[in-house]
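Trainee: Got a predicted structure here, sequence first:
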Amino acid sequence: QVQLVEFGGGLVQPGGSLTLSCRASGFTFSRTTMSWVRQAPGKGLEWLSNISPGGATYYGDSAKGRFTASRDFGKSTSYLQMKSLNPEDTAVYYCAKEGWSYANFNDQNYWGQGTQVTVSS
(Lines give C-alpha, C1' and ligand atoms only; values in the text may rest on other atoms or scores of the structure.)
Protein backbone atom coordinates (compact mmCIF):
# COMPACT_ATOMS: atom_id res chain seq x y z
CA GLN A 1 0.00 0.00 0.00
CA VAL A 2 1.01 3.64 -0.31
CA GLN A 3 3.33 4.85 2.40
CA LEU A 4 4.68 8.38 2.77
CA VAL A 5 6.95 8.91 5.75
CA GLU A 6 8.32 12.34 6.57
CA PHE A 7 11.55 12.97 8.44
CA GLY A 8 13.53 15.98 9.49
CA GLY A 9 11.21 18.19 11.46
CA GLY A 10 12.26 19.78 14.71
CA LEU A 11 13.07 23.00 16.49
CA VAL A 12 15.06 25.62 14.60
CA GLN A 13 15.98 29.20 15.44
CA PRO A 14 14.69 32.10 13.38
CA GLY A 15 16.86 32.59 10.33
CA GLY A 16 17.86 28.95 10.35
CA SER A 17 17.49 26.18 7.82
CA LEU A 18 15.97 22.72 7.80
CA THR A 19 15.54 19.96 5.24
CA LEU A 20 12.53 17.69 5.31
CA SER A 21 12.52 14.26 3.68
CA CYS A 22 9.64 12.12 2.49
CA ARG A 23 10.30 8.46 1.83
CA ALA A 24 7.74 6.96 -0.55
CA SER A 25 6.68 3.40 -1.26
CA GLY A 26 3.77 1.47 -2.66
CA PHE A 27 3.49 3.34 -5.96
CA THR A 28 5.61 4.32 -8.94
CA PHE A 29 7.53 7.21 -7.44
CA SER A 30 9.31 8.02 -10.70
CA ARG A 31 6.01 8.79 -12.43
CA THR A 32 4.35 10.73 -9.64
CA THR A 33 4.27 14.42 -8.85
CA MET A 34 5.11 15.01 -5.20
CA SER A 35 3.98 17.91 -3.07
CA TRP A 36 4.56 19.56 0.28
CA VAL A 37 1.71 21.11 2.23
CA ARG A 38 1.71 22.59 5.71
CA GLN A 39 -0.76 23.45 8.43
CA ALA A 40 0.08 26.15 10.94
CA PRO A 41 -1.58 26.12 14.37
CA GLY A 42 -5.20 27.17 14.07
CA LYS A 43 -4.99 27.63 10.31
CA GLY A 44 -5.93 25.71 7.22
CA LEU A 45 -3.77 23.72 4.84
CA GLU A 46 -1.34 25.67 2.71
CA TRP A 47 0.21 24.24 -0.44
CA LEU A 48 3.96 24.87 -0.64
CA SER A 49 5.46 23.02 -3.58
CA ASN A 50 5.15 20.49 -6.37
CA ILE A 51 7.89 18.60 -8.12
CA SER A 52 7.03 16.71 -11.28
CA PRO A 53 8.56 13.41 -12.43
CA GLY A 54 10.72 15.46 -14.78
CA GLY A 55 11.94 17.67 -11.97
CA ALA A 56 9.91 20.78 -12.76
CA THR A 57 9.14 22.67 -9.57
CA TYR A 58 6.32 24.98 -8.61
CA TYR A 59 5.97 26.95 -5.40
CA GLY A 60 3.32 28.73 -3.41
CA ASP A 61 3.88 32.30 -2.37
CA SER A 62 5.14 31.41 1.10
CA ALA A 63 7.78 29.09 -0.35
CA LYS A 64 9.08 31.13 -3.25
CA GLY A 65 12.69 32.17 -2.82
CA ARG A 66 13.16 30.35 0.47
CA PHE A 67 12.16 26.70 -0.08
CA THR A 68 13.52 24.26 -2.64
CA ALA A 69 11.88 20.98 -3.60
CA SER A 70 13.94 18.11 -4.94
CA ARG A 71 13.75 14.35 -5.32
CA ASP A 72 16.00 11.31 -5.43
CA PHE A 73 14.57 8.56 -7.60
CA GLY A 74 17.07 5.99 -6.37
CA LYS A 75 15.89 6.51 -2.81
CA SER A 76 12.23 7.15 -3.69
CA THR A 77 12.50 10.24 -1.53
CA SER A 78 11.43 13.81 -1.99
CA TYR A 79 12.90 16.71 -0.07
CA LEU A 80 12.04 20.23 0.97
CA GLN A 81 14.99 22.44 1.80
CA MET A 82 13.91 25.43 3.84
CA LYS A 83 15.98 28.48 4.66
CA SER A 84 15.49 31.87 6.32
CA LEU A 85 12.86 30.31 8.54
CA ASN A 86 10.73 32.54 10.73
CA PRO A 87 8.16 31.86 13.46
CA GLU A 88 5.35 32.06 10.90
CA ASP A 89 6.79 28.91 9.32
CA THR A 90 5.89 26.93 12.44
CA ALA A 91 3.55 24.21 11.24
CA VAL A 92 3.05 20.54 10.62
CA TYR A 93 4.55 19.79 7.22
CA TYR A 94 3.00 17.06 5.10
CA CYS A 95 4.28 15.20 2.10
CA ALA A 96 1.57 14.38 -0.43
CA LYS A 97 1.45 12.45 -3.67
CA GLU A 98 -0.28 13.28 -6.91
CA GLY A 99 -4.01 13.10 -6.45
CA TRP A 100 -4.02 14.80 -3.08
CA SER A 101 -6.62 17.41 -2.27
CA TYR A 102 -7.83 19.27 0.76
CA ALA A 103 -10.89 17.03 0.63
CA ASN A 104 -8.86 13.85 1.07
CA PHE A 105 -6.59 15.27 3.76
CA ASN A 106 -5.22 12.50 6.01
CA ASP A 107 -6.13 9.82 3.49
CA GLN A 108 -3.06 7.61 3.75
CA ASN A 109 -3.27 6.85 0.05
CA TYR A 110 -2.18 10.44 -0.59
CA TRP A 111 -0.77 11.98 2.60
CA GLY A 112 2.05 11.32 5.02
CA GLN A 113 1.59 11.59 8.74
CA GLY A 114 3.29 14.98 8.93
CA THR A 115 6.34 16.29 10.73
CA GLN A 116 6.38 19.22 13.14
CA VAL A 117 8.58 22.21 12.42
CA THR A 118 8.88 24.80 15.15
CA VAL A 119 10.74 28.04 14.56
CA SER A 120 11.55 29.71 17.84
CA SER A 121 14.43 31.23 19.77
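Mentor: Ah, there it is. Residues are numbered from 1 along each chain as shown.
Trainee: drop to CA atoms for contacts and neighbour counts, all remaining ones
Mentor: Will do.
Trainee: Where does pLDDT dip in the protein?
Mentor: Filtered on pLDDT under 70, the chain yields no residues whatsoever.
Trainee: For it, just list every one of the strands.
Mentor: Listed in chain order, the strands of the chain (DSSP state E) span residues 3-7, 10-12, 18-25, 34-39, 45-51, 57-59, 67-72, 77-82, 91-97, 115-119.
Trainee: Just want the angle from the fourth one to strand 45-51.
Mentor: The reference is to strand 34-39. Orientation check (axes from the mean of the first three to the mean of the last three CA atoms, to 10 degrees): strand 34-39 against strand 45-51 gives 160 degrees.
Trainee: which other helices and strands contact strand 34-39?
Mentor: Strand 34-39 sits against strand 45-51, strand 91-97, with contacts defined as 3 or more CA pairs under 8 Å, 6 or more residues apart in numbering; DSSP states H and E.
Trainee: got the angle for that strand vs strand 77-82?
Mentor: Orientation check (the same axes, to 10 degrees): strand 34-39 against strand 77-82 gives 50 degrees.
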